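Colleague: Sharing a model prediction with you, sequence too.
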Amino acid sequence: MPTRNPKQWQEPNPRSTPNEVITDKNVILPIGMRFLVFHIFVLAPFILCAQIKAPETPTFKKYNPTDIGGYYTNSSQEYGQQSGNQQSSYPMGAHANDIIAQQNTRAMQQMGHRPPVVPPSDPALAHQFILNQYRQAFGQQAELNEILSDLNEIRSDNLQKKNSNYYSSEKFKTESASYWKAKALLDNMLSGKTPISLKDAFYILENAYGNTHLSYAEYNSTLKKSAQFIKQWLNENGHNTIDNRALHFGIQSFMRDTLTVSRLIQEPSGITKTEHMPFTYDYIDFRAEEDFRNYFVTKTLATGTGQCNSLPTTYLLLAEQLGAKAYLSYAPLHSFIKFPDNEGGIHNYEPTSHFELSDQWYARNLQISQEAYKNKIYLDTLNKKQIVAAAMMDLAYGYLRKHGVADGVFIAECVQGAIQHFPNKVANVQGWLLRSTLLTAKLDRVLRRDGIRDLKDIDKSPEAKEVYNQLRAIDQLLDELGYDELPTNMYEQLMQEQNAKGRLQKETTDTKNKRDLFTSYK
């Protein structure tokens, strides 16, 4: 894939109106979340409790494809490996952790203290296929080499999953039923058959995978108690609890600091005060390779630890409970919060580092092109349907992680139902990456059927060549949308740094077991 020269960036109007401002009209407990921004209605919890049944508990183990020695090969000179010096031609990539490191000195001068690191994380990292697919070079040679790598990974992944007979069995239908039920519930929100609820949509999404850290009752209770605590803390400190800026100040303080209030309403009369501990970043298995639940907001609410997928989601769920207006936004390998002030301006907030950063800062440091901004794949505010649609994409990733591609029908239907809600029905990177995964699995089947293992012979199979061209078309579309990937060498270096922090954290902190962040005193 050709290297893109960085484009001159013009900062968007800071007072521009987002796609859809989330209001608290007709809601019981309003706003917030990572892909879903919905409103909670009176009957929604009762409907949800009647529909959700816990699926079979999965077995968790490190997701590491078996080394099969490269089932597919490529002996063609035309499609040979890239030369080593092309690596230096990559544009500079950036990870959230890397960006903050670059800005430490400036932050110390401006804010008077050294900021914490913003850790890396991204929804696309939910599946191993997406983890390893950073473009390696230029043109057709690199494209075929990428497909070779993807094919071998799909082939390796298939060896770990059940055989084809299993996918047509009643056992598989039973084990995958929770995903079809979750998809139906999200479809109902997208079609307007049921009210859109951010809180419920996330629980539907995570409950499909199974064995969540919190039951629905615990999940609901935790959010309600947290919202009550924030509102009481604001009242006790003289802030207006109907002012959107003040509500966000309360959420940010609640997630960042140790706060204390007088006795909460539901506590016994002997209690004199209640304390809440802050949330912290979890470096241990932050890519959810060993346990996919590390990606979940239920895990963050249960343990007080998370990463840049679950911490922004936590923020948005709290905003929904308080009736605050808030949005989710994406940057490369990162997600964060946007929220409006009282004059209509839009602010960015990092729940992992507790900084407010401008769009221009993200664009400059993460090399977001004007094409990416114009096509709204980054730095945009997701409206309610787009957030639900993004949750549908996450549902497909969870299915892929737990069941593999299978026959591809579930993943294809999720993408088809979700991507239509994004700008021009195309501007969603996760959707196209999922479609690329499906096409790679199809190419694997065609090549095996036609007895082709060396990709120099791909032209001998018209169908294989057609699928290959479809994969190239997706790559070209992503390029036109302004999507760029982090160079492999930088990505690997950053992962090593984060994993080292995880090993150190593991020696001193328990980030995986349930604990109550609230403490009451007599």
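Modeller: Received it, and whenever you're ready, just let me know what you need.

Colleague: just so I have it, where are all the helices in the stretch 201-350 of the chain?
Modeller: For the stretch 201-350 of the chain, helices defined by DSSP state H, counting those that start in this stretch occupy the ranges 216-236, 244-256, 297-303, 310-322.

Colleague: For residue 278, which of those helices is the nearest?
Modeller: helix 244-256 (5.5 Å; C-beta to C-beta). C-beta: built from backbone N, CA, C; applies to glycine.

Colleague: re earlier: most tightly surrounded among the helices of the stretch 201-350 of the chain?
Modeller: Most buried of the helices of the stretch 201-350 of the chain, by mean neighbour count (mean count of other C-beta atoms under 10 Å): helix 310-322, with a mean of 29.

Colleague: Show me what it is packed against.
Modeller: Under the contact definition 3 or more C-beta pairs under 8 Å, 6 or more residues apart in numbering; DSSP states H and E, helix 310-322 sits against helix 198-209, helix 216-236, helix 244-256, helix 297-303, strand 327-331, strand 334-340.

Colleague: Swap in 7 Å and give it another go.
Modeller: helix 198-209, helix 216-236, helix 244-256, helix 297-303, strand 334-340 (3 or more C-beta pairs under 7 Å, 6 or more residues apart in numbering; DSSP states H and E).

Colleague: about what we covered before: quick one: the helices of the stretch 201-350 of the chain as CSV, columns for mean pLDDT and distance to residue 150 too.
Modeller: Shown next, in CSV, are the helices of the stretch 201-350 of the chain (pLDDT from 0 to 100; distance: least, C-beta to C-beta, whole Å):
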stretch, mean pLDDT, distance to residue 150
helix 216-236, 96, 37
helix 244-256, 97, 38
helix 297-303, 96, 30
helix 310-322, 95, 28
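
Colleague: possible to save these as JSON lines with distance to residue 376?
Modeller: Below are those laid out as JSON lines (distance: least, C-beta to C-beta, whole Å):
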{"stretch": "helix 216-236", "distance to residue 376": "29"}
{"stretch": "helix 244-256", "distance to residue 376": "23"}
{"stretch": "helix 297-303", "distance to residue 376": "24"}
{"stretch": "helix 310-322", "distance to residue 376": "18"}
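
Colleague: looking at those, which is closest to residue 210?
Modeller: Closest among the helices of the stretch 201-350 of the chain, using C-beta to C-beta: helix 297-303, at 11.3 Å.

Colleague: what's the closest one packed up against?
Modeller: Short answer (3+ C-beta pairs under 7 Å, 6+ apart): helix 297-303 packs on helix 216-236, helix 310-322.

Colleague: As CSV, the helices and strands packed on helix 310-322 with distance to residue 287 would be great.
Modeller: As requested, the helices and strands packed on helix 310-322 are arranged in CSV below (distance: least, C-beta to C-beta, whole Å):
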stretch, distance to residue 287
helix 198-209, 16
helix 216-236, 24
helix 244-256, 22
helix 297-303, 14
strand 334-340, 13
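
Colleague: number of nearby residues for residue 150?
Modeller: Applying other C-beta atoms under 10 Å, we find 22 residues neighbouring residue 150.

Colleague: The chain should start at 8 in everything you say after this.
Modeller: OK, 8 is where the count begins now, so the last one is residue 157.

Colleague: I'd assumed residue 445 was in contact with it.
Modeller: No. The pair residue 157 / residue 445 is not scored as a contact, 11.5 Å apart, by C-beta atoms under 7 Å.

Colleague: for the protein, what helix or strand is lowest in average pLDDT?
Modeller: In the chain, no helix or strand scores lower on mean pLDDT, DSSP states H and E than helix 51-58, which sits at a mean of 31.

Colleague: about what we covered before: for the helices of the stretch 208-357 of the chain, which one sits closest to residue 212?
Modeller: Nearest of these (C-beta to C-beta): helix 304-310, 9.1 Å.

Colleague: List of residues touching that closest one?
Modeller: Residues outside helix 304-310 that contact it (C-beta atoms under 7 Å, 6 or more residues apart in numbering) are 209, 213, 219-221, 226, 229, 286, 300, 313, 317-318, 320-321, 324, 518-522.

Colleague: residue contacts, the closest residue to residue 525 other than its chain neighbours?
Modeller: Spatially, and ignoring its direct neighbours in sequence, residue 525 is nearest to residue 283 (5.5 Å; C-beta to C-beta, 6 or more residues apart in numbering). Residue 283 is in contact with 236, 261, 266, 524-525, counting by C-beta under 7 Å, 6+ apart.

Colleague: Name whatever forms a beta bridge with residue 283.
Modeller: Residue 283 forms beta bridges with residue 266, residue 525, as assigned by DSSP bridges.

Colleague: What's the per-residue pLDDT of it here?
Modeller: Each residue has a pLDDT score; the one for residue 283 is 95.

Colleague: Likewise for residue 188?
Modeller: For residue 188, the pLDDT comes out at 98.

Colleague: what about the residue lying closest to residue 187 once chain neighbours are set aside, how many neighbours?
Modeller: Nearest non-adjacent residue to residue 187, counting by C-beta to C-beta, 6+ apart: residue 417, 7.0 Å away. Applying other C-beta under 10 Å, we find 19 residues neighbouring residue 417.

Colleague: Repeat that for residue 469.
Modeller: Residue 469, neighbours per other C-beta under 10 Å, totals 10.
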